[in-house]
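>>> Okay, sequence plus prediction incoming.
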Amino acid sequence: MEKTASFLFAGTSFNKKKYADEITRFKEKKETENEVDYLSSFERVNPGSEEVTVSKKKRKRKQAASEAVEGFNVFKSSKKALVISEENKTDEGEDNLSKEKKKINLKLEADSILRKQYNIHVSGNNVASPLKSFADLSSVYGCESYLLHNFSELGFKEPTPIQRQAIPVLLSGRECFACAPTGSGKTLAFVSPMLMKLKHASTEGVRAVILCPTRELAAQTTRECKKLAEGNKFYIKLLTKKLIRSTDLTKLRCDILISTPLRLSSAIKKRKLDLSRVEYLVLDESDKLFELGLIKQIDSVVKACSNPSIIRSLFSATLPDSVEELARTIMHDAVRVIIGRKNAASESVNQKLVFAGTEEGKLLALRQSFQERLNPPVLIFVQSKERAKELYEELKFDNIRVGVIHSDLSETQRENVVNDFRAGKTWVLIATDVIARGMDFKGVNCVINYDFPDSAAAYIHRIGRSGRAGRTGEAITFYTEDDVPFLRNIANVMAASGCEVPSWIMALRKLRWKKHRPKRESILTIPDVAEE
Ligand SMILES: Nc1ncnc2c1ncn2[C@@H]1O[C@H](COP(=O)(O)OP(=O)(O)OP(=O)(O)O)[C@@H](O)[C@H]1O
């Protein structure tokens with residue numbers, strides 16, 4: 001009420017000279033007026049109770065009150081008095097307004113200090129305050145205790161910077177573009193507000209969708225979601241082939257559905273999966289999802305999620321301007337949250353470039369480094385499934401526990417390979433970019449880019465498998481003569497995250513980088529296997 005009044009009365013003008021007498025009279029009474037309100041309302045609620053309960057002090061107040069009421073009647077009958085009353089309200093209104101302004105300014109100042117402290121950059125109007133701690137979730141947003149309990153069970157004491165800002169943005173009902181380094185807890189940042197908003201399980205069909213570019217990441221996100229939802233019986237489902245075959249999707253009981261775009265768009269088309277009630281749509285690794293190969297499927301999912309009050313959000317460690325522009329065409333009044341610098345590598349990874357000369361040189365360098373120091377778990381990235389198979393053939397007899405993952409393996413085989421690596425059964429995992437994004441292997445000590453990555457974004461995601469959740473890691477990138485023209489782009493990423501780069505590389509010409517996948521010589525040194 002006060003707030004409204006203060007806005008209503010702001011700006012009323014009054015001739016103070018002309019009504020000086022009235023002002024004096026008014027000011028004398030001002031102090032008692034608040035008490036009038038108090039007592040008259042007391043009497044309204046308790047008629048006749050005054051004799052029994054009103055103390056001496058209150059009687060005194062009552063006396064003052066009656067005077068004020070009389071005064072009020074007098075003012076009521078006079079036109080002048082009305083203006084004076086307005087003047088009083090104006091003063092009060094201005095007071096309230098400036099108090100309100102002060103409060104807002106203090107809040108904005110505190111928000112800005114917190115954002116600076118955690119390197120949070122936001123753009124958009126009226127962006128919600130960042131979280132000071134997880135406790136804000138219950139004090140400000142009424143978070144249920146199960147979620148806070150789960151955070152503490154998982155060992156999460158403080159929110160990470162992206163969680164501090166993206167969670168309140170989503171809870172305040174705003175759409176969001178979020179860009180934060182690899183391994184900085186983006187999954188929890190989009191899952192927690194979803195769980196809080198959905199509150200409890202429902203039978204009303206799919207209410208939230210999370211899209212991930214690969215099956216492995218979708219499976220991992222499902223697991224994380226279930227861990228965070230523990231204690232609240234949500235229906236959280238991964239859209240698998242088996243689920244599609246065995247269930248009538250028109251009757252799917254599901255609060256949160258996690259899928260790859262291909263699987264989901266085909267379920268919409270062929271199995272009549274209804275997404276019209278979806279309230280939350282998250283595009284994880286959004287820049288990957290907006291790449292040419294997937295855009296059609298994304299489009300069909302976005303269209304199927306036809307609820308006009310849907311909240312969409314995009315999360316990634318790399319968010320090119322082109323993707324933002326494209327996404328803005330479908331988003332409403334979105335807030336942009338960037339942690340640190342946009343499109344930057346994690347600062348907890350120590351990055352090195354190694355000149356290996358030729359393909360043969362790479363294999364030699366790899367073997368030598370393993371002989372000198374093998375500190376598992378180690379991830380090795382190559383540029384194609386063929387090369388992944390070749391490198392595996394070379395290393396499998398080297399007395400190293402090595403595994404390989406690529407898109408030619410079946411779903412179960414891929415799952416087993418990932419599980420073996422997670423469990424420490426394999427020390428070295430050879431992979432294509434299929435697991436470069438989002439996969440959260442605990443404590444990967446070193447990432448080796450055996451083949452030079454095909455883009456700066458691919459580089460950032462690959463090396464981001466190491467140095468996660470506050471740990472440190474190492475990344476080694478081999479390059480040959482073929483890769484030299486593309487060195488500068490990687491060097492820029494390295495320099496921006498504080499790593500040393502030779503000056504001759506920084507002096508190279510900057511190239512507009514389309515996918516760099518040169519034809520490379522075979523890795524195999526064993527001709528028999530090559531011919532198999
Ligand atoms: N508040 C927190 N405190 C400590 N650890 C956390 C916190 N939130 C998440 N984590 C842990 O941090 C790790 C990385 O989280 P997550 O996989 O969500 O990162 P990400 O930002 O999505 O990375 P990427 O860009 O590679 O997908 C996970 O092991 C997760 O359990």
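Right, received. Where do you want to start?

>>> hey, where'd the strands end up in the stretch 251-400 of the chain?
Using DSSP state E, counting those that start in this stretch, the strands found in the stretch 251-400 of the chain span residues 256-259, 280-284, 311-316, 335-339, 349-357, 378-381.

>>> Equivalent analysis for the chain, please.
Ranges of strands within the chain are 120-123, 176-179, 208-211, 236-238, 256-259, 280-284, 311-316, 335-339, 349-357, 378-381, 402-405, 428-431, 446-449, 473-480, based on DSSP state E.

>>> can you redo the ones you listed as TSV with mean neighbour count and distance to the ligand?
(Each C-beta comes from the backbone N, C-alpha and C, glycine too.) As requested, those are arranged in TSV below (neighbours: other Cβ atoms under 10 Å; distance: least, Cβ to the nearest ligand atom, whole Å):
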stretch	mean neighbour count	distance to the ligand
strand 120-123	16	14
strand 176-179	26	9
strand 208-211	27	12
strand 236-238	22	16
strand 256-259	27	14
strand 280-284	25	7
strand 311-316	26	7
strand 335-339	24	9
strand 349-357	19	11
strand 378-381	26	12
strand 402-405	23	16
strand 428-431	26	14
strand 446-449	25	12
strand 473-480	22	12
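
>>> Export those to a markdown table and append columns for distance to residue 185 and mean pLDDT.
Formatted as a markdown table, the strands of the chain follow (distance: least, Cβ to Cβ, whole Å; pLDDT from 0 to 100):
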| stretch | distance to residue 185 | mean pLDDT |
| --- | --- | --- |
| strand 120-123 | 13 | 97 |
| strand 176-179 | 11 | 96 |
| strand 208-211 | 15 | 98 |
| strand 236-238 | 19 | 97 |
| strand 256-259 | 17 | 98 |
| strand 280-284 | 13 | 97 |
| strand 311-316 | 11 | 96 |
| strand 335-339 | 10 | 97 |
| strand 349-357 | 16 | 94 |
| strand 378-381 | 20 | 98 |
| strand 402-405 | 24 | 97 |
| strand 428-431 | 23 | 98 |
| strand 446-449 | 19 | 97 |
| strand 473-480 | 16 | 95 |
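
>>> Kindly reformat those strands as JSON lines containing distance to residue 438.
As requested, the strands of the chain are exported to JSON lines (distance: least, Cβ to Cβ, whole Å):
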{"stretch": "strand 120-123", "distance to residue 438": "22"}
{"stretch": "strand 176-179", "distance to residue 438": "14"}
{"stretch": "strand 208-211", "distance to residue 438": "11"}
{"stretch": "strand 236-238", "distance to residue 438": "14"}
{"stretch": "strand 256-259", "distance to residue 438": "12"}
{"stretch": "strand 280-284", "distance to residue 438": "7"}
{"stretch": "strand 311-316", "distance to residue 438": "9"}
{"stretch": "strand 335-339", "distance to residue 438": "16"}
{"stretch": "strand 349-357", "distance to residue 438": "16"}
{"stretch": "strand 378-381", "distance to residue 438": "13"}
{"stretch": "strand 402-405", "distance to residue 438": "14"}
{"stretch": "strand 428-431", "distance to residue 438": "13"}
{"stretch": "strand 446-449", "distance to residue 438": "14"}
{"stretch": "strand 473-480", "distance to residue 438": "16"}
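
>>> Out of those strands, flag the one nearest residue 466.
Residue 466 sits nearest to strand 473-480 of all the strands of the chain, at 2.8 Å, using Cβ to Cβ.

>>> Let me see the domain layout of the protein.
Using the TED database, the domain parsing of the chain gives 104-339, 349-507.

>>> Can you check which of these gets nearest to residue 96?
The minimum distance between residue 96 and these falls on domain 104-339, with 12.3 Å, by Cβ to Cβ.

>>> Just the endpoints, please. Distance across that closest one?
Using Cα to Cα, to the nearest Å, the span of domain 104-339 from its first residue to its last is 24 Å.

>>> what's the answer for stretch 450-466, then?
Using Cα to Cα, the two ends of stretch 450-466 sit 15 Å apart.

>>> mean confidence score for that stretch?
Averaged over stretch 450-466, pLDDT sits at 95.

>>> Is that stretch in proximity to the ligand?
Yes: counting by Cβ under 6 Å from any ligand atom, the ligand is contacted by stretch 450-466 at residue 464.

>>> For the residue in the stretch 251-400 of the chain positioned nearest to the ligand, grab phi and psi.
In the stretch 251-400 of the chain, no residue comes nearer to the ligand than residue 317, which is 4.1 Å away by Cβ to the nearest ligand atom. Dihedral pair for residue 317: phi -90, psi -10, per degrees, to the nearest 10.

>>> Name all residues that make contact with it.
Contact partners of residue 317, counting by Cβ atoms under 8 Å, 6 or more residues apart in numbering, are 179, 180, 181, 182, 184, 186, 343, 346, 460, 461, 464.
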